[in-house]
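Colleague: show me how the following folds:
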Amino acid sequence: MSVVLAVVMAAAGGAPVKAGAEQPHSHSSALQVNWFPVVYYTPETSVAGGAGVVVTRRKACKVAGSRPDSLQAFLVYTAKNQSFVRLNPELYLDGDRIRLDLGLTYVDMPTSYFGIGNPAGLDRDEVDALEEEYTNRRFAVEFTGLVTVTGALRAGANARFATDSLRDLEPGGELAAGKVRGVTGGEVVGLGPALEWDTRDAAFAPAAGAWYRAGMRTHRDFLGSDYAFEHYQVDLRRYLTVRPGHVLAFQVAASAVRGDVPFYELPSPPLRGLYQDVFVDRSAASLQAEWRFPAQGRFGAAVFAGVGGVGKNLGDVNPVELWAAGAGVRYVLNRAERITLRLDVGVSPLGVFPYFMVMEAF
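Modeller: Numbers count the residues shown, from 1 in each chain. Sure thing, here's the model as predicted:
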C-alpha cells in the first residue's frame, strides 16, 4: 500500500470578501471562481498534477439563507498517462424549492482489491498480503432531483449509470482467476426514490442545522444494467456551533446492497485513516464526529474520530469494530460561501494516511 506525498498550493480566485463576512447572502448577485492547483506522487501514478475549481453563482432575487448554484470541477493527469476528471454542478430553482445535483466522473487509475468481508484486527502485513493491484477505467453519471414537499423536506428520485473496464490484473490473484463477481466489468444502471431533510445554514461548511438523506436504487436489465441488485443508503448529519467559529459535526451513515453485485459496488465505512477498500461487504455502517475551529486568518483546524463496521447484513455489522482518528488543517478559499480546502491526516491500526480535498468530509 502506498502513501501519497502531496504538495498543495491554493489561491482564492473569487471576488474580494471583507474580513468577518460570513453570511452567504452578502454577495446577492455574484459569480465567484475559486481555484487550486494540485501536485502529488505515488509509486502507482508517478508524478501527477492537475487543478480544481469551485464556481458559485447567486441570483439577485435570492434572499438571506438561500443556496448558491455551484459547479465543482477537478482534473488530474499523471506521468503514466492516467487521468481523473470530475464535474459536479448543483442547481437550486424556484426559490430553492427544487434541487438538482449532477455528477460526471471519468477515472483511469490503479487501485487494489483486498477481498470481501475481511475481519477487523488485520495488521499491515496481513493487508499487504491480501492486496491485488489492478486498473479500472470508469465513466459514471449520477443524478438527484428533489422537490420541496413541506418545510425542510424534499422528495424526488436518484439515478446512476456507470461503466467499468478492468485491466492489468495482478497474476495469480482472485481477480485474474475470475473468482470474483464483477471482474469482467460492465454497466451498472439504477433508478429509485430519494428523500432529504435540510436545515443547514450553509451548503458547503454548515455551522448549524441538519442534513438527513435516504434513498435506494434498483438495478435491472430492462434499465440496461448488467447486474441486478438493490442499493440502500442513509446519511444523517448534524451541526452544532458551541462557540463562535467552533463547530461540532456528526455523521451516522449506513449502506447495504442486495442481489447480484459487482465487487467494486460493495460499501465500505468512509473513515479517514482506513485504507480504501480493505473492509468491504454487502453492508456497512459508521459514526463520525469532528470538531472544527479557527486558527489564524484564513486558516483553521479540525480533529476527528470515527468507528464503523461491515457485514453480510446490517444486523451482522458491529459498528465499533473498526476505528480511525486524526487531525487536519483548513484553508478558506471563500469566506462568504464557506468554501474550504482541507488537508487531513488519518490514523488507524493500518497506518497513517493523508487526504487533500476541497470541502469538508461531511
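
Colleague: quick one: name whatever helix or strand follows the helix or strand of the chain with the lowest mean pLDDT.
Modeller: Here the helix or strand of the chain ranked lowest by mean pLDDT, DSSP states H and E is strand 5-8, holding a mean of 39. Of the helices and strands lying after strand 5-8 in sequence (DSSP states H and E), the nearest is strand 31-42.

Colleague: what's in contact with the helix or strand following that next one?
Modeller: Sequence-wise, the next helix or strand downstream of strand 31-42 (DSSP H and E) is strand 46-57. With contacts defined as CB atoms under 8 Å, 6 or more residues apart in numbering, strand 46-57 is touched by 13-14, 30-42, 68-80, 82, 84, 333-334, 337, 339, 358. Just so you know, the C-beta spots here come from the backbone N, C-alpha and C atoms, and that holds for glycine as well.

Colleague: what about burial for those, which qualify?
Modeller: Among the contacts of strand 46-57, the ones that count as buried by 16 or more other CB atoms under 10 Å are 14, 30, 32-36, 38, 40-42, 68-78, 82, 84, 333-334, 337, 339, 358.

Colleague: hmm, residue 258 and residue 266 touching each other?
Modeller: No. Residue 266 is not in contact with residue 258 according to CB atoms under 8 Å; the separation is 11.5 Å.

Colleague: which neighbours do these two have in common?
Modeller: By CB under 8 Å, 6+ apart, residue 266 and residue 258 have these common neighbours: residue 282.

Colleague: ok, those two, which is more surrounded?
Modeller: residue 266 (22 against 13; other CB atoms under 10 Å).

Colleague: wait, what's in contact with that one?
Modeller: 116, 257, 280-282.

Colleague: in the top strand by length along the chain, what counts as buried?
Modeller: Selection of the longest strand in the chain by residue count, based on DSSP state E, yields strand 132-150. For strand 132-150, a neighbour-count test (16+ other CB under 10 Å) marks 132, 134-140, 142-146, 148 as buried.

Colleague: could I get the residues you listed as TSV with pLDDT?
Modeller: Listed next are the buried residues of strand 132-150 as TSV, based on pLDDT from 0 to 100:
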residue	pLDDT
132	95
134	95
135	94
136	95
137	97
138	97
139	98
140	98
142	98
143	98
144	98
145	98
146	98
148	97
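
Colleague: just the closest of those residues to residue 276, please.
Modeller: Nearest to residue 276 out of the buried residues of strand 132-150 is residue 136 (CB to CB; 12.4 Å).

Colleague: my guess is residue 85 contacts residue 105. True?
Modeller: Yes. Assessed by CB under 8 Å, residue 85 is found in contact with residue 105 at 7.1 Å.

Colleague: parallel or antiparallel, which strands does the longest strand of the chain pair with?
Modeller: Strand pairing for strand 132-150, determined by DSSP bridges: strand 98-113 (antiparallel), strand 153-167 (antiparallel).

Colleague: in the stretch 201-350 of the chain, which spans are strands?
Modeller: Using DSSP state E, counting those that start in this stretch, the strands of the stretch 201-350 of the chain run over residues 209-219, 229-243, 246-259, 283-296, 299-311, 322-334, 339-348.

Colleague: JSON lines for the ones you listed, including distance to residue 203?
Modeller: Formatted as JSON lines, those follow (distance: least, CB to CB, whole Å):
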{"stretch": "strand 209-219", "distance to residue 203": "9"}
{"stretch": "strand 229-243", "distance to residue 203": "12"}
{"stretch": "strand 246-259", "distance to residue 203": "14"}
{"stretch": "strand 283-296", "distance to residue 203": "16"}
{"stretch": "strand 299-311", "distance to residue 203": "18"}
{"stretch": "strand 322-334", "distance to residue 203": "12"}
{"stretch": "strand 339-348", "distance to residue 203": "9"}
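
Colleague: export those to TSV and tack on distance to residue 59 and mean pLDDT?
Modeller: Shown next, in TSV, are these (distance: least, CB to CB, whole Å; pLDDT from 0 to 100):
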stretch	distance to residue 59	mean pLDDT
strand 209-219	22	98
strand 229-243	25	98
strand 246-259	27	98
strand 283-296	29	97
strand 299-311	29	97
strand 322-334	17	95
strand 339-348	18	93
